[in-house]
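Visitor: What follows is a protein structure lacking sequence information:
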């Protein structure tokens, strides 16, 4: 069975290689090839999964070593895989949702002449992401991590003829790079601390290592997670990444790639458990981001950017849960999986709406679409209910658990985190209801575009609707399936450990409060967007609205602090170089020139003055010699 | 007689010669002062030879005389041709070797 693990990665990698190198003769079958290989990877994953659940809980982990990658003295890096319950969960999510999105893309990218290349990139992404979650050491994980960053760059900038897409791709790449530096530093620290970077030895050795070093490693890992998972302060790329084709947003920026940070933190749980300071920072980052994303999501009129804000916010929940330690790891991953279902479904729904509306993304120009796109409406609606945590659907089970765990963090910290998660739940209900109402309800508000083409909203082809239906099923039932009887927690328990959270207030009260906040959010959105007609041109709005429309000034902040700061730094360095370094060099040259100009005067051509210097020199030499003798 | 007195005389002669070389402008006089310095040296060498009781200093003095004779031949020739071309024997006039 171990030998199948490499095939999981190899199948999409082969697809990427064939599609990207194969040239135009593959244009007609390229998309099928890519989809089949993704599905093949999913099937292998399913076979391994069936095999895994047939074994006892403690010996489910599989290991496969392919070859030694960098064998140098004590530095031993292997291409080796580890498939345990945590990796298995990710493998099924990545290949499952990935395959569905491949199918969807067949329809969505039908009219794009570079469709083959698109599928090649998608396969490359799958391969890199699978490598990331299957690696059994941090160095190989880093390889996958960078591969994911590359695939993300290629896919965001897929429509590179649009300058905005090219810029967004570069922005995502650069911001991710900041996080990657964190990961590389963490790996170096691990090597100096533990002498290895394989998961097993590193995570077992945390017990007898100084807390300071573990805190440093933890914070560097958190920086990496912030970059990849779009957490404050490295969140600015996610909104712009919506420039990519919608399936990319669904696959990479909602369901899989952005969850890599959560995976990293949960995988490194033993390090964070031994470093409470790093854990605290993780929860703070999670809490800040979940509110940040939710506030941004409330103000965006671009349907994909509203969903991007939501993604940021939901991953904030996961990071927060991952920062809570053993009481939160399993819930973080559970929310990650259910979120994978409903957020992918929501993005695909948004893509379906755009497909029917001539690629219009402004929700103020939608309205009343439920009559025109019934399937999209129902699947999007189910995803919406799951996301806001409507009782009985997926999001309810997973998010409620995170809120309970947050309250159970203990003391003031628990109350603050709990309040943040509750507030986030209310905001989630508000912005998602807003998206729902503006898109599918109310009067139709679309108008002919500049060329006089009036959009004719229509349902999308079945290649697009079927994945949406499958994902809608997941959105509805996954949470209940995982949550009832702690099935998911028991599944992950051997890897992530688990402690039952004991919140200071009883669990039914928290659940009741969550539902109350949820209804409050829905009602507030209904009063503002359901009862009143929605203006086609956005009103000016309050100061907070205007700030949130500008992503709470994240770009302005980055511009002022980082760009300007960087410019000033480089200018002063250039100044220093010109005046300081060049000054020393030029000054030395000028001094030597000036001095020699003076010395030249000694060469006056008069024999008698030469004679004087000869006599003088001789006299000095003799005097010096006598002096030395005397001493 | 104390041989140190010869050394005093030699250094006096050398000083006079050196001062003459530095101060006088007439090439002939400068030349004569150089000869004076050479002879002061010879005197010192011979005195040392006497003081140490060996012949080394006297032999070097012979060498010095040979060199001085050769120098006189070359030096006077230069001064004569210089005077012929410039109608002056002043050493300061021959100051072309400067930038």
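Guide: Alright, I've got the coordinates. Nothing here was measured: the structure is a model prediction, and the numbers come from that model.
Visitor: low-confidence ranges in chain B?
Guide: B:97-99 (pLDDT under 70).
Visitor: again, but for the stretch 251-400 of chain A
Guide: Short version for the stretch 251-400 of chain A, where the test is pLDDT under 70: none.
Visitor: Residue of it nearest chain B, please.
Guide: Closest residue of the stretch 251-400 of chain A to chain B, Cβ to the nearest Cβ: residue A:281 (72.4 Å). Where you see a C-beta, it was placed from the backbone N, CA and C, and this is true even at glycine.
Visitor: Correct me if wrong: residue A:133 contacts residue A:90.
Guide: Yes: applying Cβ atoms under 8 Å, one finds residue A:133 in contact with residue A:90, separated by 4.0 Å.
Visitor: Are there residues contacting both of the two? Which ones?
Guide: residue A:263 (Cβ atoms under 8 Å, 6 or more residues apart in numbering or on different chains).
Visitor: Am I right that residue A:454 is in a helix?
Guide: No: secondary structure of residue A:454 (DSSP: H, G, I helix; E, B strand; the rest coil): coil, not part of a helix.
Visitor: next SSE after the helix or strand hosting residue A:272?
Guide: Following DSSP states H and E, one finds residue A:272 within helix A:269-273. Later in the chain than helix A:269-273, the nearest helix or strand by DSSP H and E is helix A:276-299.
Visitor: For residue A:370, grab the count of nearby residues.
Guide: By the criterion of other Cβ atoms under 10 Å in any protein chain shown, residue A:370 has 17 neighbours.
Visitor: which residue ranges form the strands in chain A?
Guide: A:62-72, A:75-83 (DSSP state E).
Visitor: Check chain B too.
Guide: Under DSSP E, chain B gives no strands.
Visitor: Touching, residue A:203 and residue A:274? I think so.
Guide: No: with contact defined as Cβ under 8 Å, residue A:203 does not count as touching residue A:274 (9.9 Å).
Visitor: out of the two, which sits in the more crowded spot?
Guide: Neighbours were counted for residue A:203 and for residue A:274 using other Cβ under 10 Å; residue A:274 has more, 22 against 17.
Visitor: That one and residue A:207 touch, don't they?
Guide: Yes: contact criterion Cβ under 8 Å: residue A:274 and residue A:207 qualify, at 6.9 Å.
Visitor: Just give me the neighbour total for residue 54.
Guide: Picking chain A for this. 8.
Visitor: my bad, chain B
Guide: The burial count for residue B:54: 11, using other Cβ under 10 Å.
Visitor: Repeat that for the one 3 residues further on.
Guide: Neighbourhood size, residue B:57 [other Cβ under 10 Å]: 17.
Visitor: and it, what does it touch?
Guide: Counting by Cβ under 8 Å, 6+ apart, residue B:57 has contacts B:45, B:46, B:47, B:48, B:49, B:50.
Visitor: Residue of the stretch 501-631 of chain A closest to chain B, please.
Guide: Proximity of the stretch 501-631 of chain A to chain B (Cβ to the nearest Cβ) peaks at residue A:605, 3.0 Å away.
Visitor: show me the contacts for residue 46.
Guide: If you meant another chain, say so; for now it's chain A. residue A:92.
Visitor: um, chain B though
Guide: B:6, B:57, B:58, B:61.
Visitor: Flag every residue of the stretch 301-450 of chain A that's near chain B.
Guide: Taking Cβ under 8 Å from any Cβ of the partner chain as the contact definition, the stretch 301-450 of chain A does not meet chain B anywhere.
Visitor: which residues touch the nearest residue to residue A:449 once chain neighbours are set aside?
Guide: Distances taken as Cβ to Cβ, 6 or more residues apart in numbering or on different chains put residue A:358 closest to residue A:449, at 6.7 Å, once the chain neighbours are dropped. Counting by Cβ under 8 Å, 6+ apart, residue A:358 touches A:449, A:453, A:455.
Visitor: Between those, which sits nearest residue A:416?
Guide: The nearest member of those to residue A:416, counting by Cβ to Cβ, is residue A:455 at 46.2 Å.
Visitor: And the closest one, its phi and psi?
Guide: Torsion angles at residue A:455 (phi, psi; degrees, to the nearest 10) stand at phi -70, psi 140.
Visitor: and it, how far is that from residue A:441?
Guide: Distance, residue A:455 to residue A:441, using Cβ to Cβ, to the nearest Å: 18 Å.
Visitor: just residue A:198 next, same as before
Guide: Relative to residue A:441, and taking Cβ to Cβ, residue A:198 is found at 54 Å.
Visitor: Against residue A:596, how distant is the residue of the stretch 251-400 of chain A closest to chain B?
Guide: Taken as Cβ to Cβ, the span from residue A:281 to residue A:596 is 62 Å.
Visitor: Of those two, give the one with the bigger neighbour count.
Guide: Set residue A:281 next to residue A:596 and count neighbours by other Cβ under 10 Å: residue A:281 wins out with 18 against 9.
Visitor: Quick one: residues contacting that one.
Guide: A:218, A:219, A:222, A:323.
Visitor: which of the residues you listed sit farthest apart?
Guide: A:219 and A:323 (11.9 Å).
Visitor: And those two? Which one has more around it.
Guide: Remark: of residue A:219 and residue A:323, residue A:323 carries more neighbours, 27 against 19, as counted by other Cβ under 10 Å.
Visitor: Give me the phi and psi for residue A:268.
Guide: Main-chain torsions, residue A:268, degrees, to the nearest 10: phi -90, psi 20.
Visitor: who are the neighbours in contact with the nearest residue to it once chain neighbours are set aside?
Guide: Leaving out its chain neighbours, the residue that sits closest to residue A:268 by Cβ to Cβ, 6+ apart is residue A:221, at 5.5 Å. Each residue near residue A:221 by Cβ under 8 Å, 6+ apart is listed here: A:182, A:183, A:186, A:264, A:265, A:268, A:271, A:272, A:278.
Visitor: Could you verify my assumption that the fourth one touches residue A:223?
Guide: No: the pair residue A:264 / residue A:223 is not scored as a contact, 10.6 Å apart, by Cβ under 8 Å.
Visitor: Pull out the buried positions in the biggest helix by length in chain A.
Guide: Ordering each helix of chain A by length in residues (DSSP state H) puts helix A:163-194 first. For helix A:163-194, the neighbour count (16 or more other Cβ atoms under 10 Å in any protein chain shown) marks A:165, A:168-169, A:171-173, A:175-176, A:178-180, A:182-187, A:189-191, A:193-194 as buried.
Visitor: thinking again about what came up before, make a ChimeraX selection of the buried ones in the contacts of residue A:358.
Guide: Entered in ChimeraX, the line below selects the buried ones among the contacts of residue A:358, by 16+ other Cβ under 10 Å:
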select /A:455
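Visitor: could the contacts of residue A:358 go into CSV alongside pLDDT?
Guide: As requested, these are arranged in CSV below (pLDDT from 0 to 100):
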residue, pLDDT
A:449, 71
A:453, 73
A:455, 79
